[in-house]
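Participant: pasting the structure only:
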């Protein structure tokens, strides 16, 4: 079976504004890399629009209304100093969340072992009723609750290697012992959450804060000692990956020192757990990554490992 890539052209049209780091060229760079040599076996699908019911498993219905009715007809609307919408943003957010749900459906239907959602806006900072950190809807949380509500799975895990802590995902998961959230991230850094002491209601949250300047050794050590053992103990029936590539050494928004080989390594390790616990069932959603070349090569390394496991 081939790894499936879910994407949609409108995800490129989402435009937070001139000089914004979460710019359309990010997705263009990822798509160009995945259409290059060595990726011919990928299967491509258009991301559907998420249904309201899928999003409202994660987000308050009034918040969903606020986002969808606030889309500007022209120009930009700033929800906070970092998070902006353009005329295409509402549709892009629906397609990004829809990609995550459809990827879960495809894996559960046996159409593929794993899938990558090449979408934007990203999602892991979006809380139940709060947009923040470039994020509108929490795509990975939508995926996790799709696996539960539609497919009857009980234990769903999200692991997040974006350089910024996924406060929104933790916010949605930390009081539900049947959901697991593991994150490696720089600390101190935006959004200021993700201390090791934040462990959730039943030890279902595993945070590995990394100091500025930390590199491959500290990153891999955090997974070997903390996140991977906790994930194995949790024994997920489905794995969702928040795939942010902004811990790369060349990324301008943080100060970790990872390379593409680290993303290949962590992908292999996570998919090995999925193979042991979850029949190999896994999807991945694009989060951050703001140096275009580093983003493209890191995303390519990540998807290459998914293809090997498919």
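Facilitator: Thanks, I have the structure now. Keep in mind it's a predicted model, so treat the numbers as computed, not measured.

Participant: hey, let's count contacts and neighbours off CA atoms from now on
Facilitator: Will do.

Participant: residue contacts, the spatially most central residue of the chain?
Facilitator: Compute the mean C-alpha point of the chain, and by Cα atoms, centre = their mean the closest residue is residue 242, 2.7 Å away. Contacts were defined as Cα atoms under 8 Å, 6 or more residues apart in numbering; by that measure residue 242 touches 124, 140, 158, 159, 160, 161, 162, 284, 285, 286, 287.

Participant: Just give the number of residues close to residue 75.
Facilitator: Residue crowding around residue 75 was assessed by other Cα atoms under 10 Å; the count is 12.

Participant: I'd like to know how far it sits from residue 260.
Facilitator: The gap separating residue 75 from residue 260 is 36 Å, by Cα to Cα, to the nearest Å.

Participant: Helices - which of the contacts of residue 242 land there?
Facilitator: In helices, defined here by DSSP state H, the members of the contacts of residue 242 are residue 140.

Participant: Can you tell me which of the contacts of residue 242 is closest to residue 221?
Facilitator: residue 161 (13.4 Å; Cα to Cα).

Participant: Could you tell me how many residues sit around the nearest residue to that closest one once chain neighbours are set aside?
Facilitator: Beyond its immediate neighbours in the sequence, the residue positioned closest to residue 161 (Cα to Cα, 6 or more residues apart in numbering) is residue 184, lying 5.2 Å away. Around residue 184 sit 27 other residues, with neighbours defined as other Cα under 10 Å.

Participant: For residue 184, list each beta-bridge partner.
Facilitator: Here residue 184 sits in beta bridges with residue 208, going by DSSP bridges.

Participant: returning to that earlier point: need the three-state assignment for the residue nearest to the centre of the chain.
Facilitator: Secondary structure state of residue 242, per DSSP: H, G, I helix; E, B strand; the rest coil, is strand.

Participant: how about the strands of the protein, start to end?
Facilitator: When secondary structure is read from DSSP state E, the chain shows strands at 4-7, 43-46, 77-78, 84-85, 114-117, 156-160, 179-186, 205-210, 238-243, 282-286.

Participant: what's the neighbour count on the nearest residue to residue 162 once chain neighbours are set aside?
Facilitator: For residue 162, the nearest residue in space outside its immediate sequence neighbours is residue 244; the separation is 3.9 Å by Cα to Cα, 6+ apart. Neighbourhood size, residue 244 [other Cα under 10 Å]: 25.

Participant: hang on, isn't residue 42 packed against residue 6?
Facilitator: No: using Cα atoms under 8 Å, residue 42 is not in contact with residue 6, being 10.4 Å away.

Participant: Who has more neighbours out of these two?
Facilitator: Taking neighbours as other Cα under 10 Å, residue 42 and residue 6 compare with residue 6 leading, 24 against 19.

Participant: Report the contact partners of the more buried one.
Facilitator: Contact criterion Cα under 8 Å, 6+ apart gives 44, 45, 46, 47, 99, 103, 115, 116, 117, 118, 119 as the residues in contact with residue 6.

Participant: ok, of these, which come out buried?
Facilitator: For the contacts of residue 6, a neighbour count by 16 or more other Cα atoms under 10 Å gives the buried set as 47, 99, 103, 115, 116, 117, 118, 119.

Participant: quick one on the thing from earlier: do I have it right that the residue nearest to residue 162 meets residue 284?
Facilitator: No: Residue 244 sits out of contact with residue 284 when judged by Cα under 8 Å, with a separation of 9.8 Å.

Participant: measure residue 99 to residue 303 for me?
Facilitator: Here residue 99 is placed at a distance of 16 Å from residue 303 (Cα to Cα).

Participant: Which stretches in the stretch 101-250 of the chain count as helices?
Facilitator: Using DSSP state H, counting those that start in this stretch, the helices of the stretch 101-250 of the chain run over residues 139-149, 167-173, 216-222, 228-234.

Participant: and the first one with strand 156-160, angle?
Facilitator: Direction vectors for helix 139-149 and strand 156-160, defined by axes from the mean of the first three to the mean of the last three Cα atoms, to 10 degrees, enclose an angle of 170 degrees.

Participant: Can you name every helix or strand that helix 139-149 contacts?
Facilitator: Secondary-structure packing of helix 139-149 (3 or more Cα pairs under 8 Å, 6 or more residues apart in numbering; DSSP states H and E): helix 52-56, helix 89-108, strand 156-160, helix 167-173, strand 238-243.

Participant: hang on, the earlier thing: contacts only, for the residue nearest to residue 162.
Facilitator: By Cα under 8 Å, 6+ apart, the contact set of residue 244 is 160, 161, 162, 163, 286, 287, 288, 289.

Participant: And residue 82, by the same measure?
Facilitator: Shown here is residue 82, whose contacts under the criterion Cα under 8 Å, 6+ apart are 132, 133, 134.
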